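Enquirer: Have a look at this prediction, sequence included:
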Amino acid sequence: MKPVLIITHYYPPETGAAANRICHLAEGLALNGFKVSLATPLPNYPTGKIFKAYKTKNKKKQVENGVEVNRLWIYPSNSKNKFVRLFSMLSYSISLIWFFISNKIPKTVIVQSPPLLVAFTSMFFLRRKKRELILNVSDLWPLAGLELRAMKKGLSFDILEKIERFNYRKADLILGQSNEIIQHVKSIVPQQTCFLYRNFPDFILPPLPEEPIKINRKIKLVYAGLLGVAQGILKLCEYIDTSNIEFHIYGSGQEKDSITAYLKHTAKQNIYYHGQLSRNELHHELLKYDLTIVPLLNRIYGSVPSKIFEYAKLGLPILYFGGGEGEEIIKRFELGWVAESGDYEALNSKINNLTLTILDLEMKQKLRETSNLHFDFSKQLKELIDIV
C-alpha cells in the first residue's frame, strides 16, 4: 500500500470547487489501494470562522472515508484586508512546518496551489530526501490576481511571481486543471512534466424528474456556488433581464450581504436568494431548475470553472458567461450556450431567445450521456495513478 500525503488549504466540510476536487482525489486514491493522509486547516471557508463543531480544537485528527485527515490550527479570516489574509495564510504555513517536523512524511506528496504561500512552504521544506512532489495547480496566481484586479504589478506581485516559479521548478510533476495552466507552466519551465487533470466530479447521481415540463411558466435560471468577487453575482443581479425568467441564487461568500441588501431594496422582480445548502442537498434541489448560469466577472486565464463538469453530470443545461477555455468546452461538447464575458446585452439576448421546449428532458439526458463519455472521474484517476 503506497503512502501519499496531500496538503491542501480546503477540504470538506468546507464547500466549493477546491474542497470537492481534493476530496475526490484523496478518497479516489484510498479506494485504489493508497494509504492516504491529508493536512488541512480546521474548517473555516468561506465564512472566515472556524466551524462550530471544531471551535474548541487547536487541531484534530480523524479518519474519513479511508483518508487520515489532520486538521491543523489556523487564524481564520475572509477579510478584504490583504494583510489580514496574509497573516491567515502564514498561520497555516507555521502549522504545516510543525506538522512536517513532528510527523513522518511519505515519499509522495501532493500539494494544492493556490494559495501560493502554503504551496511554497510545502515545496521548500519537502524538496529534499528524494521525495516525489506533485503540484496540483488549479489557478494561476499571481496572474489571476491581476485579472481580478485584486492586485497590481509591483513588489508584492514580483515576490509572488518568484514564489510561483520556485514551486514549478521544485515539482516532479504538475497537475493542471486546464490546458492554459499547462501552457503557462511550460512557458516558465519548458522541461516540466505536466498532466491535464480536470475537475471532474464524483458523486451519486440523483435521477432526473420524469414529469413533463409545464410550458406556461417562466424559465427558472439558477446560480449555485461561491458569491465572491470573481463570480460577479451582484452585478449580474443588477443587469440581468428577469422579465421572462426567474433567477434563483444559492451559496455564500464576500458578496452575500451586498446581494441580500440589493434584493431587499430593489424594485426588480423575480430574483430569489435561498442561502447555502450541503452539496448533496443542492444536487437534488438543482434538478428543479431548467438552466444554470456559470459567470465570471472577468475572463481569467487558466480558469475552467468546475461547475461546468458538475452541471453536465447532473444534466443541467449551462449558460456560460466567462470566456476562455470554459467557453471552448461548452461549445465543443454542446453543453449549452455562451455569451461573451462582461457583455450583459448579449447575455440577455441569449436568455430571451430560450424556451422551455428547448430545455426539455431529452436535452438533460443527452448532457448526462456526454458527461459519462467525456468527463469520467474514474478513468482520469486511473491515468494519473499509472504515472505516479
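Expert: Good, I have the coordinates.

Enquirer: Look at I94 and say how many residues are nearby.
Expert: 15 (other CB atoms under 10 Å). Glycine gets a C-beta too; all of them are placed from N, C-alpha and C.

Enquirer: Secondary structure element for it, which one?
Expert: helix 82-102 (DSSP states H and E).

Enquirer: packing partners for that helix?
Expert: strand 35-41, strand 67-72, helix 116-125 (3 or more CB pairs under 8 Å, 6 or more residues apart in numbering; DSSP states H and E).

Enquirer: ranking the ones you listed by burial, who's on top?
Expert: strand 35-41 (a mean of 23; mean count of other CB atoms under 10 Å).

Enquirer: Just checking: what are the partner strands of that strand?
Expert: When sheet partners are counted by DSSP bridges, strand 35-41 sits next to strand 3-7 (parallel), strand 67-72 (parallel).

Enquirer: what sits up against the helix or strand that it is followed by?
Expert: Proceeding C-terminally, strand 35-41 gives way to strand 60-64 as the next helix or strand, assigned by DSSP H and E. With CB atoms under 8 Å, 6 or more residues apart in numbering as the test, strand 60-64 has contacts from 42, 54, 68-71.

Enquirer: Just give me how far strand 60-64 sits from the chain centre.
Expert: 23 Å (CA atoms, centre = their mean, to the nearest Å).

Enquirer: And stretch 232-240, by the same measure?
Expert: Worked out by CA atoms, centre = their mean, stretch 232-240 lies 21 Å from the chain centre.

Enquirer: among the strands paired with strand 35-41, which is nearest S122?
Expert: strand 3-7 (4.9 Å; CB to CB).

Enquirer: quick one, which of the strands paired with strand 35-41 is nearest to F309?
Expert: The nearest among these, by CB to CB, is strand 3-7 at 20.5 Å.

Enquirer: if we can go back for a sec, please point out which parts of the helix holding I94 sit buried.
Expert: For helix 82-102, a neighbour-count test (16 or more other CB atoms under 10 Å) marks 88-89, 91-93, 95-96, 99-100 as buried.

Enquirer: Just want the angle from that helix to strand 67-72.
Expert: 120 degrees (axes from the mean of the first three to the mean of the last three CA atoms, to 10 degrees).

Enquirer: neighbouring strands for the helix or strand following helix 82-102, and are they parallel or not?
Expert: The helix or strand immediately downstream of helix 82-102 is strand 108-113, counting by DSSP H and E. Strand 108-113 pairs in its sheet with strand 3-7 (parallel), strand 132-137 (parallel), by DSSP bridges.

Enquirer: Serialize these to TSV and add fields for distance to L155, mean neighbour count and mean pLDDT.
Expert: Putting the strands paired with strand 108-113 into TSV (distance: least, CB to CB, whole Å; neighbours: other CB atoms under 10 Å; pLDDT from 0 to 100) gives the following:
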stretch	distance to L155	mean neighbour count	mean pLDDT
strand 3-7	27	23	96
strand 132-137	24	22	96
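
Enquirer: any chance of those strands in CSV, plus distance to G251?
Expert: Shown next, in CSV, are the strands paired with strand 108-113 (distance: least, CB to CB, whole Å):
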stretch, distance to G251
strand 3-7, 25
strand 132-137, 24
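
Enquirer: hmm, back to that, between the buried residues of helix 82-102, which sits nearest K152?
Expert: M89 (19.3 Å).

Enquirer: can you map out the helices along the stretch 201-350 of the chain?
Expert: 233-239, 256-265, 279-286, 307-314, 324-332, 344-352 (DSSP state H, counting those that start in this stretch).

Enquirer: any idea which of those is most buried?
Expert: helix 307-314 (a mean of 24).

Enquirer: in terms of contact, does G253 touch L226 like I think?
Expert: Yes. G253 is within contact range of L226, at 4.6 Å (criterion: CB atoms under 8 Å).

Enquirer: Overlap of the contact sets of the two?
Expert: Contacts common to G253 and L226, judged by CB under 8 Å, 6+ apart, are P46.
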